[in-house]
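**Student:** Only the shape, not the letters, is given here:
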């Protein structure tokens, strides 16, 4: 299956939790000026609502994701504490 390179590097949100090696979940990804759903595979289970980064396209509307925590959010926490 051809890869969908446009989705690599895009952010998304978990709609149906992933189960690590036990199976995929589903994510809503912001891509091409809108949002699209994909089957999502991850190394570790990810809960519903987690923010993810697409790291690979598996073709046929399937992607590999990792959980994403924006490093700039930590700067906001520091500013609020100061």
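**Tutor:** It's in. These figures come from a predicted structure and were not determined experimentally.

**Student:** nearest residue to the residue nearest to the spatial centre of the chain other than its sequence neighbours?
**Tutor:** Ranked by distance to the mean C-alpha position of the chain (CA atoms, centre = their mean), the top residue is residue 52 at 2.7 Å. Counting by CB to CB, 6 or more residues apart in numbering, residue 52 lies nearest to residue 65, which is 4.0 Å off, once chain neighbours are set aside. C-beta here means a position set from N, CA and C on the backbone, and glycine is covered the same way.

**Student:** in stretch 6-15, what's buried?
**Tutor:** 7, 10, 11, 12, 14 (16 or more other CB atoms under 10 Å).

**Student:** which residues does the fourth one contact?
**Tutor:** So the one you mean is residue 12. 27, 28, 29, 30, 38, 40, 51, 52, 53, 54, 65 (CB atoms under 8 Å, 6 or more residues apart in numbering).

**Student:** quick one: which of the residues you listed is nearest to residue 72?
**Tutor:** residue 51 (12.7 Å; CB to CB).

**Student:** Spit out the contact partners of that closest one.
**Tutor:** With CB under 8 Å, 6+ apart, residue 51 has these contacts: 11, 12, 13, 67, 68, 69, 70.

**Student:** Filter these down to the ones in strands?
**Tutor:** Within the contacts of residue 51, residues falling in strands by DSSP state E are 11, 12, 13, 67.

**Student:** Sort out which one of the contacts of residue 51 lies nearest residue 59 for me.
**Tutor:** residue 12 (17.1 Å).

**Student:** coming back round to it: JSON lines please, covering the contacts of residue 12 and showing pLDDT, distance to residue 2 and secondary structure.
**Tutor:** Formatted as JSON lines, those follow (pLDDT from 0 to 100; distance: CB to CB, whole Å; DSSP: H, G, I helix; E, B strand; the rest coil):
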{"residue": "27", "pLDDT": "98", "distance to residue 2": "20", "secondary structure": "strand"}
{"residue": "28", "pLDDT": "98", "distance to residue 2": "22", "secondary structure": "strand"}
{"residue": "29", "pLDDT": "96", "distance to residue 2": "17", "secondary structure": "strand"}
{"residue": "30", "pLDDT": "93", "distance to residue 2": "21", "secondary structure": "strand"}
{"residue": "38", "pLDDT": "96", "distance to residue 2": "14", "secondary structure": "strand"}
{"residue": "40", "pLDDT": "97", "distance to residue 2": "18", "secondary structure": "strand"}
{"residue": "51", "pLDDT": "96", "distance to residue 2": "27", "secondary structure": "strand"}
{"residue": "52", "pLDDT": "97", "distance to residue 2": "22", "secondary structure": "strand"}
{"residue": "53", "pLDDT": "97", "distance to residue 2": "21", "secondary structure": "strand"}
{"residue": "54", "pLDDT": "97", "distance to residue 2": "16", "secondary structure": "strand"}
{"residue": "65", "pLDDT": "98", "distance to residue 2": "19", "secondary structure": "strand"}
